[in-house]
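Enquirer: Sequence and predicted structure, then a few things I'm wondering about:
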Amino acid sequence: MLKDIDHKEVVESRFEFLERAFGSRLDFLYQGRKFSYIPAERVGNVFSGYFGREKHESVHAGPDDQFRLTDLVRWDLSFFAIDLSETRQIAFMQRNDNVGSPRPVLECFFDDLGQIRGMRNWQAHVRYISDSATYWDAARRYEGRITKLAFTFIPPNALRAEERVMDFIRDASRNAQATLVKHEYENKQGRLDPNGELIEGSVKVATAGGGDAVIKVGKRMVYSTKTQKMTTDIPEDEIPEPTDKPKIRAIIRRLFERFND
């Protein structure tokens, strides 16, 4: 997952904003449930922590209490790590169904930063990183029937990508004060060519988490980066406990090694 941050007012840097966001505890509500984020280890520009969801269960007490029903509170956890390097803001969050889907939990977390802490100088957009190969697979499968290609970007984008696309995004952000930049291609006869230099650059930006890409055949959406996501498989017993600092540092290195040059 990539965090793209859209600048509203120059008060603090993107790094400072995210450092404050993930450097201390935050209690918030999501779908009426109590959640908490607590920070863990920091390795260079990578911050880590845990999102927890409170859960109440009714259990029977012991014989001394006549086996009365008692409310037991426990927490389900998801490990989280985000790289705050200058050229990228990439995050990993453990998929734990007892906690919730990572993207909406993170979106709620950022919404509550503004409401609870008054942190409104930057607006956070959560986007999945996907494999560009999935776009090209769909483009080849539906070539000759594609009626619409749409790309949406969030300037300023933090990833280095194709220069023509990046110049387009930067210009829109700087001169038009755009918080979203969108360009579309349409052909009702289905004769759109899903290739070309500008489209290829747009695919690279979108699948790297800098926006969204959509392919349509008629009114049917046959591809969207919103439904694609890059994942890393880690056995549950290898997820570190919040107190296991060496294991946390090791899992951070393992998660981000694919993005290191």
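Expert: Arrived safely.
Enquirer: How about the contacts made by the closest residue to Q31 other than its chain neighbours?
Expert: Of all residues not flanking Q31 in the chain, G100 sits nearest, at 7.6 Å (C-beta to C-beta, 6 or more residues apart in numbering). Bear in mind the C-beta positions are built from the backbone N, C-alpha and C, glycine included. Residues near G100 by C-beta atoms under 8 Å, 6 or more residues apart in numbering: Y30, Q31, R53.
Enquirer: so who does K182 touch?
Expert: The contact partners of K182, taken as C-beta under 8 Å, 6+ apart, are A150, F151, T152, F153.
Enquirer: in which helix or strand would I find it?
Expert: Assessed by DSSP states H and E, K182 sits inside strand 181-186.
Enquirer: and that strand, average pLDDT?
Expert: The average pLDDT for strand 181-186 rounds to 78.
Enquirer: how far is stretch 241-250 from where the chain is centred?
Expert: 22 Å (C-alpha atoms, centre = their mean, to the nearest Å).
Enquirer: Can you measure across it, start residue to end residue?
Expert: 12 Å (C-alpha to C-alpha, to the nearest Å).
Enquirer: which among the contacts of G100 gets closest to H125?
Expert: Of all the contacts of G100, the one with the least separation from H125 (C-beta to C-beta) is Y30, at 17.8 Å.
Enquirer: and F151, helix, strand or coil?
Expert: Following DSSP: H, G, I helix; E, B strand; the rest coil, the label given to F151 is strand.
Enquirer: tally of neighbours for the closest residue to it other than its chain neighbours?
Expert: Using C-beta to C-beta, 6+ apart and skipping residues adjacent in sequence, the residue nearest F151 is S202, 4.3 Å away. Each residue near S202 was counted by other C-beta atoms under 10 Å, and the total is 28.
Enquirer: try S85
Expert: For S85, using other C-beta under 10 Å, the count is 15.
Enquirer: re earlier: looking at neighbours, which among the contacts of G100 is most surrounded?
Expert: Result: R53 is most packed of the contacts of G100 (other C-beta under 10 Å), 20 neighbours.
Enquirer: Need the pLDDT of S13.
Expert: Reading off the model, S13 has pLDDT 81.
Enquirer: again with F259
Expert: So F259 comes in at 67 (pLDDT).
Enquirer: Start at 5, not 1
Expert: Right, with 5 as the first residue, what we last looked at is F263.
Enquirer: Against Y54, how distant is F155?
Expert: Going from F155 to Y54 by C-beta to C-beta, to the nearest Å gives 35 Å.
Enquirer: An error on my part: the question was meant for F84.
Expert: For F84, the distance to Y54 - C-beta to C-beta - is 6 Å.
Enquirer: Report the set of residues contacting both of these two.
Expert: Y41.
Enquirer: just to revisit the earlier point, the residue nearest to Q35 pairs with what?
Expert: N100 (DSSP bridges).
Enquirer: about what we covered before: from the chain's centre, how far out does the strand holding K186 sit?
Expert: On C-alpha atoms, centre = their mean, the centre of strand 185-190 falls 23 Å from the chain's centre.
Enquirer: Give the next helix or strand downstream of that strand.
Expert: Next along from strand 185-190, by DSSP H and E: helix 201-209.
Enquirer: just to revisit the earlier point, isn't the residue nearest to F155 up against A217?
Expert: Yes. Judged on C-beta atoms under 8 Å, S206 makes contact with A217 at a distance of 6.9 Å.
Enquirer: Quick check: neighbours shared by the two?
Expert: What both S206 and A217 touch, as defined by C-beta under 8 Å, 6+ apart, is the set F155.
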